[in-house]
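**Student:** what shape does this take:
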Amino acid sequence: MAHGFQPGGRAPAPPPLDLVQDFVNTEIPEWQQDDIADPERLAAWLHARGLLGADEVVEPGAYVRARALRTGLRALALGNTEGALPSVDGLVAALRPLRFALALDSAGQLSVAPAGAGADRALGTIVAVVIDAQRAGTWQRLKACRKQSCGWVFYDASRNRSSSWCAMAICGNRMKTASYRRRRA
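**Tutor:** Numbering: from 1, shown residues only. Purely as a prediction, here's the structure:
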């Protein structure tokens, strides 16, 4: 989804961080939209991105972990916006069953690679992208809109990394108008 609509005309996150952005934005709370609302839709989403083999399905436990991972990653992205780490208990629980291995590239750089099989391996791929982005310093630019009912994850390409809204003209304006009205009341 990140390669399609982006509020305010923002550019999507650079690859491979755009995978994480796409994954988290499968849910848009304000629109009551959930593109992975059941295991079959999650499997289709993972298949479309080459993360799940054609004959592989999403087991119920992996589906629950995927939803918890998505919620936890949105919370971490909101932490990037607000500057404070939110509660990550659900994220920790979602990560616990996932398996990883160390990989060494031709330049001698270590990285984390997903291990295991099926949907858990696919989820591990998403987590490995987050780990690499944190190491590269691009993770901090992946933010969640401050408007609680929105939560759209966007890539902050601003020079000073100060963006707080998916789009100032949409959520930023609504929040500032609501704040003004509260102060005037």
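
**Student:** spit out the contact partners of the residue nearest the centre of the chain.
**Tutor:** In the chain, the residue lying closest to the centroid (CA atoms, centre = their mean) is V24, at 3.4 Å. By CB atoms under 8 Å, 6 or more residues apart in numbering, V24 lies in contact with 70, 73-74, 77, 144, 153. Using the backbone N, CA and C atoms, a C-beta is placed for each residue, glycine as well.

**Student:** lowest-pLDDT helix or strand in the protein?
**Tutor:** helix 173-184 (a mean of 54; mean pLDDT, DSSP states H and E).

**Student:** among the contacts of V24, which lie within helices?
**Tutor:** If you go by DSSP state H, the contacts of V24 have 70, 73-74, 77 in helices.

**Student:** just to revisit the earlier point, out of the contacts of V24, the closest to V92 would be?
**Tutor:** Closest approach between those and V92, by CB to CB: L73, at 12.3 Å.

**Student:** how about the nearest residue to the closest one, chain neighbours excluded?
**Tutor:** Closest residue to L73 apart from its sequence neighbours, by CB to CB, 6 or more residues apart in numbering: V24 at 5.1 Å.

**Student:** and W139, by the same measure?
**Tutor:** W139 sits nearest to A133 (CB to CB, 6+ apart), 3.9 Å away.

**Student:** for I126, see how far away W45 is.
**Tutor:** Distance of W45 to I126, given as CB to CB, to the nearest Å: 11 Å.

**Student:** quick one: the helices in the protein?
**Tutor:** 17-24, 39-48, 60-82, 89-95, 118-136, 173-184.

**Student:** tell me which of those is the most buried.
**Tutor:** Mean neighbour count (mean count of other CB atoms under 10 Å) peaks for helix 17-24 among the helices of the chain, with a mean of 23.

**Student:** what's the most distant pair in the contacts of V24?
**Tutor:** Farthest pair in these (CB to CB) is R70 and A144. Separation: 11.5 Å.
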